[in-house]
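Engineer: my questions concern the predicted model and sequence given below.
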Amino acid sequence: MMNAIRTEGLTKYYGRSRGIVDLDLEVCEGEFFGFIGPNGAGKSTTIRVLMGLIQKTHGSAWVLEKDISKEKEQILSEIGYLPSEAVFYPDMRGRDLIRLSAELHRKDCRKVSADLCERLQLDPSRRIGELSFGNRKKLAVICALQHDPRLCILDEPTGGLDPLMQREFFEILKERNKKGMTVFLSSHILSEVQRFCGRAAIIREGRIIASGSVEELARTNAKRISVRGNFDPSGLPDVRDLQKADDSTSFLYGGDINLLLDRLSRQRIMDLSISEPDLEEIFLHYYTEGEEQV
Ligand SMILES: Nc1ncnc2c1ncn2[C@@H]1O[C@H](COP(=O)(O)OP(=O)(O)OP(=O)(O)O)[C@@H](O)[C@H]1O
């Protein structure tokens, strides 16, 4: 299987401050891949290095099996890119930018771009400076997709799009993905990744802390334990996200269930529930792992 993106020990420092450290990433051609992490984790840095917009500090990376340090031009001609903050010339009209970006790809994209404008409800005759943030985003989406790229790299694409437009946008991506386009979607919105991506990597503080199928990432042995009555789980192993209210205690528990039952049996409690944690809680656990725990 061909790799759409591969990195080996990819590292970027901004002076002495950390951008990304030792990133190993593998995205196969045809995947809908999620790149998820909190603000400042290093998502944009990774993408900018892959795009050749900034220089890596060390490590290696290939996009569509081409070395980012040696074959930048070829890479750019085959991919679509949606930057997180699109900066455009304010006096230009939307359609001029669309044409300019098509010319860069030396392709007649008129039919596709007209179709995209209609689906995303963008009036391309307006001047860019007069467009709202969401409408500029649509323009960037059209520029990223009109030339039918093999790989589309999207850096937090949905900010600014209203729910209806988000739905249409993902519909377009899904259709393209079905026809073979690889999607690399950076996001801090978990539900987005969960709904559309097959596999994902989680990045925190510049490092990949987990990767795999979205289902796999969501799987864990931990259970959500909720106890009504007086219960103190301190001393039990692998207790996370402890929440205490007046007469109830709730936490994620990943330790031996017998230890827990033993402790519970020694206290008078009024009610107990044991349930699967939802994906949101699991990601929260990935995000906060390594920080001080209760
Ligand atoms: N030009 C820069 N100069 C110095 N440090 C930078 C620069 N750009 C990014 N950083 C730092 O690199 C780290 C990673 O930032 P990056 O923008 O890649 O994160 P991100 O995951 O894309 O976050 P967000 O969701 O907020 O866009 C942060 O600590 C950030 O402060």
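Structural biologist: Thanks, I have the structure now.
Engineer: in the stretch 51-200 of the chain, which spans are helices?
Structural biologist: 72-78, 94-104, 110-119, 133-145, 163-178, 190-196 (DSSP state H, counting those that start in this stretch).
Engineer: can you name the residues of the stretch 151-294 of the chain sitting close to the ligand?
Structural biologist: Within the stretch 151-294 of the chain, the positions adjacent to the ligand are His188 by Cβ under 6 Å from any ligand atom. Yep, even glycine has a C-beta here, placed from its N, CA and C like the rest.
Engineer: can you list the weak-confidence ranges in the stretch 151-294 of the chain?
Structural biologist: 220, 278-280, 284-294 (pLDDT under 70).
Engineer: near the ligand, which residues of the stretch 1-150 of the chain are found?
Structural biologist: Near the ligand, when you scan the stretch 1-150 of the chain using Cβ under 6 Å from any ligand atom, you find Tyr14, Ser17, Gly19, Gly37, Asn39, Gly40, Ala41, Gly42, Lys43, Ser44, Thr45, Ser84.
Engineer: about what we covered before: need the helices of the stretch 51-200 of the chain in TSV (columns: distance to Leu259).
Structural biologist: Converted to TSV, those look like this (distance: least, Cβ to Cβ, whole Å):
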stretch	distance to Leu259
helix 72-78	53
helix 94-104	60
helix 110-119	56
helix 133-145	51
helix 163-178	44
helix 190-196	31
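Engineer: okay, those helices, which one's buried deepest?
Structural biologist: Among the helices of the stretch 51-200 of the chain, helix 133-145 has the highest mean neighbour count (mean count of other Cβ atoms under 10 Å), at a mean of 23.
Engineer: quick check: mean pLDDT across that one?
Structural biologist: What helix 133-145 shows for mean pLDDT is 93.
Engineer: same question for stretch 32-42.
Structural biologist: For stretch 32-42, the per-residue pLDDT averages 91.
Engineer: quick one: end-to-end distance for that stretch.
Structural biologist: 20 Å (Cα to Cα, to the nearest Å).
Engineer: and if you look at stretch 59-75?
Structural biologist: 18 Å.
Engineer: swap in stretch 243-254?
Structural biologist: When the termini of stretch 243-254 are compared using Cα to Cα, they are 16 Å apart.
Engineer: got it, and stretch 151-161?
Structural biologist: Distance across stretch 151-161, first residue to last, is 22 Å (Cα to Cα).
Engineer: now do the buried residues in that stretch.
Structural biologist: Leu151, Cys152, Ile153, Leu154, Asp155, Glu156, Pro157, Thr158, Gly160, Leu161 (16 or more other Cβ atoms under 10 Å).
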